[in-house]
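**Student:** output the structure for:
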Amino acid sequence: MEQEFLLRFLDIGAIDLKGDDNKLEKLRATAKYLSGILRKVPSKTISFTMVAADPSIDAGDPTIEETMAALRKQWETVANAFSSRPVGVLRAILLDALVQAARSDDSIAVAFVNTARNALAHTETSDEAEIWRAAVSEIETKVDARAEVEWATPEMISVAPMQYSPPAPVSSNSEAPSVDRAALEARINSATGPWASKEPKNSYYPHSQPQEWGKYFATQMSVAIAKTMDDMAEELVPTPLDLSGPLSMLAKAVTSHVEKALAGFSSATAGLQRRTNLLWWKEALYSPSAHASYLDLSQFEASALMALDLHKQVPTYSPASVSAFLREAIRCLPAKENEQDHGNRDIADLVTDARTTASMKPFRTLAAQYAPAPIGRGPMLSLIGHPDNSGAIEVSTLRSFCGVDASRKMSPSDWGTHLFRELQSARATRENPTKQAKKK
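**Tutor:** Predicted structure coming up:
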């Protein structure tokens, strides 16, 4: 049975409704409404998740405002039921809505899991830790099950039988020819002597002119027999058959069968090929985005570009182990002389460098495509992809937009993994360009 996360918040006392079931129904209706909004606009998943995961979220955040407006539609007097804006209640509604939407939409599930993993690492949710653990575990299991289909390599590849229906046999209505006995008899009779009634007749008599009669008789008999055989031969000549149509159909059927067999083989081995490519990439330590070796870059630049390059190599639906693979790949980078401590740095400095460093241009380009300009709580991609100025990131700006303390330090592997999850979340929930064009 699926868990209802609103009740989980009630159980730990994070929501106090004074035992009023009517109020609970209003919260449920709001969560259901917001889950519908998420299905229509999956890109809201990232901000919804980041806000739901942060107990310190500002009461004036746009997502909090949107959630409060949705709650008012169900509960007109909600403002009188609480002494201040019920941020805790709104966060609980958001989480319930997110889980509902993620259960029915795989793209939302991907964005929720990756965003939650990032956000929970920077928030204090000790009282809610078990609730969030259960939510992330349920949806991550769902994502891994979907990813397994795309990454698995079957032990055996089966090919369906070729589909081909031969054309119907050509029926022949011709009958076996027969000798026109009357005509043949008349011809033979005309060759027997001058008494024959039809022309040409043999004008010689056998008893008085046997030699001439015999010659003429032989000639006329030969003509009579040859004529009869020629007439029968004409009737036995078969009607020409056009085989171009059936042969063309057979050729098309064979071509289609081979194409399906090759496509099935390619699909079945895609997971194996993908893993092989990733191992090659990890060993080569070369960035196709920057056209440079990761060893020639600083560890943090290299980790960010490794996140970008890995993101481009794997599909949206990838198992959680891919993030672990990236983390270990980054840890394999040798430390440089000035980075013996693996260079743990403040997040504010990392974001500033990502917005200005020349080698990070490929990352900024994709970030701008994936994430809109920062408005309210959102991913670091928004700040990196839309640098309004090249100045340093202010402490208040980073906390307001990304929900992290500017002084919080990250290792190269933490930084790369965080960015990779943001890229995966953003791609999963991007609106279809065709759909956007139709809206305009």
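
**Student:** what sits against Leu98?
**Tutor:** Neighbouring residues of Leu98 by C-beta atoms under 8 Å, 6 or more residues apart in numbering: Ser35, Leu38, Thr45, Phe48, Thr49, Ala52, Ile108, Phe112, Ala135. Quick note: C-beta positions are derived from backbone N, CA and C, even for glycine.

**Student:** Gln74: which of those is nearest?
**Tutor:** Closest approach to Gln74 among the contacts of Leu98 (C-beta to C-beta): Ser35, at 13.5 Å.

**Student:** phi, psi for the residue sitting furthest away from the middle of the chain please.
**Tutor:** Largest separation from the mean C-alpha position in the chain: Ser208, at 104.7 Å (C-alpha atoms, centre = their mean). Phi and psi for Ser208, reported as degrees, to the nearest 10, are phi -100, psi -30.

**Student:** let's have the chain start at 854 instead
**Tutor:** Right, with 854 as the first residue, what we last looked at is Ser1061.

**Student:** how close does it sit to Asp914?
**Tutor:** 137 Å (C-beta to C-beta, to the nearest Å).

**Student:** how about Ala1207?
**Tutor:** 24 Å.

**Student:** neighbour count winner among those two?
**Tutor:** Ala1207 (25 against 21; other C-beta atoms under 10 Å).

**Student:** looks to me like the more buried one is in a strand.
**Tutor:** No: counting by DSSP: H, G, I helix; E, B strand; the rest coil, Ala1207 is not found in a strand; it is helix.

**Student:** just the strands from the chain, written as ranges.
**Tutor:** Secondary structure of the chain by DSSP state E: the strands cover 1139-1140, 1145-1146, 1198-1199, 1262-1263.

**Student:** how about those strands, which one is nearest Arg944?
**Tutor:** It's strand 1262-1263; of the strands of the chain, that one is closest to Arg944 (C-beta to C-beta) at 25.1 Å.

**Student:** which of the contacts of Leu951 sit farthest apart?
**Tutor:** Pairwise over those, using C-beta to C-beta, the maximum falls at Leu891 and Ala988, 14.4 Å.

**Student:** from Arg1217, how far out is the closest residue to Val931 other than its chain neighbours?
**Tutor:** Sequence neighbours aside, Leu924 is the residue nearest to Val931 in space, at 5.5 Å (criterion: C-beta to C-beta, 6 or more residues apart in numbering). Distance of Leu924 to Arg1217, computed by C-beta to C-beta: 38 Å.

**Student:** and the two? Which one has more around it.
**Tutor:** Leu924 (23 against 18).

**Student:** surely the more buried one is in contact with Leu880?
**Tutor:** Yes: counting by C-beta atoms under 8 Å, Leu880 is a contact partner of Leu924 at 7.5 Å.

**Student:** hey, what's in contact with both of those two?
**Tutor:** Here Leu924 and Leu880 have Val942, Ile946 as joint contacts, going by C-beta under 8 Å, 6+ apart.

**Student:** measure Asp1123 to Trp1004 for me?
**Tutor:** To be clear, residue 1123 is Ala; Asp isn't right here. 8 Å.

**Student:** same check on Gln1062?
**Tutor:** Taken as C-beta to C-beta, the span from Gln1062 to Trp1004 is 106 Å.

**Student:** comparing the two, which residue is more hemmed in?
**Tutor:** Set side by side, Gln1062 and Trp1004 show more neighbours around Trp1004, with 20 against 14, by other C-beta under 10 Å.

**Student:** who's in contact with the more buried one?
**Tutor:** The contact partners of Trp1004, by C-beta under 8 Å, 6+ apart, come to Gly1124, Arg1127, Arg1128, Ser1171, Pro1172.

**Student:** can you redo those as CSV with distance to Glu977?
**Tutor:** What follows is those, written out as CSV (distance: C-beta to C-beta, whole Å):
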residue, distance to Glu977
Gly1124, 39
Arg1127, 38
Arg1128, 38
Ser1171, 29
Pro1172, 29
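
**Student:** which member of those is positioned nearest Gly1256?
**Tutor:** Ser1171 (24.4 Å).

**Student:** tally of neighbours for the closest one?
**Tutor:** Neighbourhood size, Ser1171 [other C-beta under 10 Å]: 24.

**Student:** ok, Arg1230 next?
**Tutor:** Close neighbours of Arg1230, defined as other C-beta under 10 Å, add up to 26.

**Student:** shaky segments in the stretch 1154-1293 of the chain?
**Tutor:** Within the stretch 1154-1293 of the chain, the segments meeting pLDDT under 70 span 1190-1196, 1242-1245, 1284-1293.

**Student:** how about a cut-off of 80?
**Tutor:** 1188-1196, 1241-1250, 1259, 1284-1293 (pLDDT under 80).

**Student:** now the stretch 904-1053 of the chain
**Tutor:** Checking the stretch 904-1053 of the chain against pLDDT under 80 turns up 936, 977-979, 1002-1003, 1005-1013, 1015-1053.

**Student:** which residues of it fall in helices?
**Tutor:** 915-927, 931-934, 940-957, 959-973, 982-1004, 1034-1043 (DSSP state H, counting those that start in this stretch).

**Student:** Leu951 and Asp907: what is the separation?
**Tutor:** Applying C-beta to C-beta, the value for Leu951 to Asp907 is 14 Å.

**Student:** tell me how many other residues crowd the nearest residue to Val996 once chain neighbours are set aside.
**Tutor:** Using C-beta to C-beta, 6+ apart and skipping the chain neighbours, the partner closest in space to Val996 is Ala962 (5.1 Å). As a burial measure, Ala962 scores 25 neighbours (other C-beta under 10 Å).

**Student:** same question, Val1257
**Tutor:** 21.

**Student:** not counting residues beside it along the chain, what's closest to it?
**Tutor:** His975 (4.4 Å).

**Student:** list the contacts of that neighbour.
**Tutor:** Gly1256, Val1257, Asp1258, Arg1261.

**Student:** ok, now Lys879?
**Tutor:** Taking C-beta under 8 Å, 6+ apart, one finds Leu924, Gln927, Trp928, Val931 in contact with Lys879.

**Student:** separation between the second one and Lys876?
**Tutor:** I take that to be Gln927. Using C-beta to C-beta, Gln927 is found at 10 Å from Lys876.

**Student:** and for Ser979?
**Tutor:** For Ser979, the distance to Lys876 - C-beta to C-beta - is 26 Å.

**Student:** between the two, who's got more neighbours?
**Tutor:** Using other C-beta under 10 Å, the more surrounded residue of Ser979 and Lys876 is Lys876, with 18 against 8.

**Student:** the more buried one contacts Pro939, doesn't it?
**Tutor:** No: the criterion here is C-beta under 8 Å, and Lys876 misses it with Pro939 at 10.9 Å.
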